[in-house]
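> Need coordinates for the following:
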Amino acid sequence: MANIHSSIKFNMARKLSTNTINKFKKKLLAEKEQLTQILEHHQQERENIRLSEASAGKKSRPNFR
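Numbering: from 1, shown residues only. Down below sits the predicted model:
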């Protein structure tokens, strides 16, 4: 296990080229955008469900006057 850690440490210590860094940055930004869109869509679905459940709850309550 020590060999894996020393190997990772060695590999992580080398300097990456500007092109490699830019390529990774581009991929990370694209992934961030995709995940943001998924999260926003999920949050909107949850809000729609919450609103429909609240609306259904109001309709099922008897009106006491």
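> Mind jotting down where the helices sit in the chain?
With DSSP state H as the criterion, the chain has helices at 2-13, 18-60.
> rank these by pLDDT, which is bottom?
With a mean of 62, helix 2-13 has the lowest mean pLDDT of these.
> Tell me who's in contact with residue 42.
Residues near residue 42 by C-beta atoms under 8 Å, 6 or more residues apart in numbering: none. C-beta coordinates here come from the backbone N, C-alpha and C atoms, glycine included.
> cool, residue 43 as well?
Applying C-beta under 8 Å, 6+ apart, no residues contact residue 43.
> distance of it from residue 51?
Using C-beta to C-beta, to the nearest Å, residue 43 is found at 13 Å from residue 51.
> again with residue 28
Taking C-beta to C-beta, one finds residue 28 at 34 Å from residue 51.
> Then residue 23?
From residue 23 to residue 51 the distance is 43 Å (C-beta to C-beta).
> So what's the residue count around the nearest residue to residue 16 once chain neighbours are set aside?
Nearest residue to residue 16, sequence neighbours excluded (C-beta to C-beta, 6 or more residues apart in numbering): residue 24, at 7.8 Å. By other C-beta atoms under 10 Å, the residues close to residue 24 number 11.
> go on, residue 30?
Residues near residue 30, counting by other C-beta under 10 Å: 10.
> what about it, distance to residue 24?
For residue 30 relative to residue 24 (C-beta to C-beta), the value is 11 Å.
> and if you look at residue 14?
14 Å.
> what do you get for residue 34?
For residue 34, the distance to residue 24 - C-beta to C-beta - is 16 Å.
> cool, residue 36 as well?
Taken as C-beta to C-beta, the span from residue 36 to residue 24 is 18 Å.
> Likewise for residue 46?
Applying C-beta to C-beta to residue 46 and residue 24 gives a distance of 32 Å.
> do the same with residue 18
Counting by C-beta to C-beta, the gap from residue 18 to residue 24 is 11 Å.
> how many other residues sit next to residue 19?
By other C-beta under 10 Å, the residues close to residue 19 number 8.
> Ok, residue 22 next?
11.
> With residue 44 instead?
Around residue 44 there are 10 residues (other C-beta under 10 Å).
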